[in-house]
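**Q** model this:
(2 chains)
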Number of protein chains: 2
Amino acid sequence: MTQSAPSKRTQVNRLPKRGDYSKETIYGILDAAFLCHVGFVVDGQPYVIPTGYGRDGGTLYIHGSAASRMLRNLEKGIEACITVTLIDGIVLARAAFHHSMNYRSVVLLGTATFIDDAEAKMSALRAISEQIVPGRWKEARLPNAQELKATTVLAMPIDEASAKIRTGPPVDDEEDYGLDIWAGVLPLSMHAGAPISDPRLMSRIESIPEYILNYRRR
Amino acid sequence: MTQSAPSKRTQVNRLPKRGDYSKETIYGILDAAFLCHVGFVVDGQPYVIPTGYGRDGGTLYIHGSAASRMLRNLEKGIEACITVTLIDGIVLARAAFHHSMNYRSVVLLGTATFIDDAEAKMSALRAISEQIVPGRWKEARLPNAQELKATTVLAMPIDEASAKIRTGPPVDDEEDYGLDIWAGVLPLSMHAGAPISDPRLMSRIESIPEYILNYRRR
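**A** Predicted coordinates:
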């Protein structure tokens, strides 16, 4: 893993000690999540749209209907920003001013490329599927030619990116530590509940797959 | 609550039956979350930055350091997009093509206003605090004049907004329902873990507040 220098546009200006530009850190955060928020501009108006993604090597993939406004704009090669955020906890300081969150986030700038080749498209769709539910791709009924055609897949190189991380307890002003106020961290994380079988599930399918029963996010 | 017509910019084009423009739905989603992704444009480049927020009536508030690049740009009144997303589950169809997520999201367009008045600022900060940890504001040491000055608070009217919601089981192609593939929904939600007291907590503070112990997101 290389330690890349931040670009002027991705440099973390506020609280720079929270910034990290190593591919190892950036890939680690990207691999722990599956939802990103994609920013793009149409007629001067920014839009931010949530969507699933997958990482494969130095590339982040997003997909959707070929009719999607977001994808039709992005495939023109306009400037984009893809942000991934994981909230790990709420940081309760004694002072309201010093409240914070523990989090891991990545901000990725660049332009997306339309993937035309069917094999590359299939590989990218597998990456997205495996990012969201590891193990599902080998079991699902895979896309046919018509479905592939109806799906747009875009690739964004993970080149101009920065990570920002906060961990640990609150940091209060020295004179506030003596106050009679509980302080600490309330950890937050995404948990899977009990799977709900489709009402139309064939009655002969009795067991829920292990990769669903043991689903966990980091 | 009024049913407002979508603007051309917030109209849900893809899968329009998932779109909702009622204030009741939009406020409900905004009240269930506390993290938003803010999109803005600098030199033609979109940026998407995660931050906490609070809703009070028809206004959404965000805040941060007066030195924040995002806030210094937004307070000029440039176009912004604030998006809130709650992931409720992964929808596992038989066909890879029909996989989806259950979610609730709001996309809000507009321009932000700088809040100068100290009382209005304090009220907005309380709204943000109560959105993230209801009950905390009355216990924390409140901001002093210097902290208020170091904090920028921006208000964004919840006028031009749309909600998008997906719920329920997967929808497969009719011919796929007979396949030997488990299908259903894996519910996902944000859970609080056991609170971690600050290592520097005064030893006389023995109990963790109820609003922390019973913390729940909807």
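**Q** pretty sure A:Glu79 contacts B:Tyr47?
**A** No. Under the criterion of Cβ atoms under 8 Å, A:Glu79 is not in contact with B:Tyr47, lying 9.9 Å apart. C-betas here are computed from N, CA, C, even on glycine.
**Q** just the buried residues of stretch A:88-98, please?
**A** Residues of stretch A:88-98 classed as buried under the neighbour-count rule (16 or more other Cβ atoms under 10 Å in any protein chain shown) are A:Asp88, A:Gly89, A:Ile90, A:Val91, A:Leu92, A:Ala93, A:Arg94, A:Ala95, A:Ala96, A:Phe97, A:His98.
**Q** and for stretch A:205-216?
**A** Taking 16+ other Cβ under 10 Å as the basis for neighbour counts, the residues of stretch A:205-216 that come out buried are A:Ile205, A:Ile208, A:Pro209, A:Ile212, A:Tyr215.
**Q** ok, back up a step: more neighbours: A:Glu79 and B:Tyr47, which one.
**A** Residue environment comparison for A:Glu79 versus B:Tyr47 gives the larger neighbour count to B:Tyr47, 22 against 18, counting by other Cβ atoms under 10 Å in any protein chain shown.
**Q** name the element the more buried one belongs to?
**A** For B:Tyr47, the enclosing helix or strand under DSSP states H and E is strand B:45-52.
**Q** and the angle for that strand with strand A:45-52?
**A** Taking axes from the mean of the first three to the mean of the last three Cα atoms, to 10 degrees, one finds that strand B:45-52 is oriented at 60 degrees with respect to strand A:45-52.
**Q** and the next helix or strand past strand B:45-52?
**A** Moving on from strand B:45-52 towards the C-terminus, the next helix or strand you reach (DSSP H and E) is strand B:54-56.
**Q** does that next one come close to chain A?
**A** No. For strand B:54-56 and chain A, the contact criterion (Cβ under 8 Å from any Cβ of the partner chain) is not met; the two come no nearer than 12.2 Å.
**Q** immediately after that strand, which helix or strand?
**A** Next in sequence after strand B:54-56, counting helices and strands by DSSP H and E, comes strand B:59-65.
**Q** hmm, who's touching that next one?
**A** Contacts made with strand B:59-65 from outside it, assessed by Cβ atoms under 8 Å, 6 or more residues apart in numbering or on different chains, are listed as A:14, B:30, B:36, B:38, B:51-55, B:70-71, B:82, B:108, B:112, B:115, B:124-125, B:127-128, B:150-158.
**Q** run me through the strand neighbours of that strand, direction for each.
**A** For strand B:59-65, the paired strands and their directions (DSSP bridges) read strand B:54-56 (antiparallel), strand B:151-157 (antiparallel).
**Q** farthest from the middle of chain A: give me that residue.
**A** A:Gly178 (39.4 Å; Cα atoms, centre = their mean).
**Q** which residues are common contacts for A:Glu79 and B:Tyr47?
**A** A:Leu109.
**Q** show me where chain A has its strands.
**A** Secondary structure of chain A (DSSP state E): strands at A:19-20, A:35-42, A:45-52, A:54-56, A:59-65, A:79-92, A:100-111, A:113-114, A:151-157, A:160-166, A:184-192, A:196-197.
**Q** by mean pLDDT, which helix or strand of chain A comes out lowest?
**A** The element with the least model confidence among the helices and strands of chain A, by mean pLDDT, DSSP states H and E, is strand A:19-20, at a mean of 85.
**Q** near chain B at all, it?
**A** No. Applying Cβ under 8 Å from any Cβ, one finds strand A:19-20 separated from chain B by no less than 12.8 Å.
**Q** who are the packing partners of that strand?
**A** strand A:160-166 (3 or more Cβ pairs under 8 Å, 6 or more residues apart in numbering or on different chains; DSSP states H and E).
**Q** buried set for the strand it packs on?
**A** Buried residues in strand A:160-166, counted by 16+ other Cβ under 10 Å: A:Glu160, A:Ala161, A:Ser162, A:Ala163, A:Lys164, A:Ile165, A:Arg166.
**Q** you'd agree the fourth one is up against A:Leu86?
**A** No. A:Ala163 sits out of contact with A:Leu86 when judged by Cβ under 8 Å, with a separation of 10.7 Å.
**Q** need the overlap of contacts for the two.
**A** The overlap between the contact sets of A:Ala163 and A:Leu86 (Cβ under 8 Å, 6+ apart) consists of A:Ile29, A:Arg104, A:Ser105.
**Q** and the second one, bridged to which residues?
**A** Pointing back at A:Arg104 there. When bridges are taken as DSSP bridges, the partners of A:Arg104 come out as A:Leu86, A:Ile165.
**Q** I'd say it and A:Tyr27 touch.
**A** No. Because the distance of 11.8 Å does not satisfy Cβ under 8 Å, A:Arg104 is recorded as not touching A:Tyr27.
**Q** the more surrounded of the two?
**A** More neighbours sit around A:Arg104 than around the other of A:Arg104 and A:Tyr27, counting by other Cβ under 10 Å; the figures are 23 against 18.
**Q** how about the contacts made by that one?
**A** For A:Arg104, the contacting residues are A:Ile29, A:Ala32, A:Thr85, A:Leu86, A:Asp88, A:Ala163, A:Lys164, A:Ile165, by Cβ under 8 Å, 6+ apart.
**Q** can you do 10 Å?
**A** Neighbour list for A:Arg104: A:20, A:25-26, A:28-30, A:32-33, A:84-88, A:163-167, A:218 [criterion: Cβ atoms under 10 Å, 6 or more residues apart in numbering or on different chains].
**Q** residue ranges with poor pLDDT in chain A?
**A** Across chain A, residues meeting the criterion (pLDDT under 70) sit at A:1-5.
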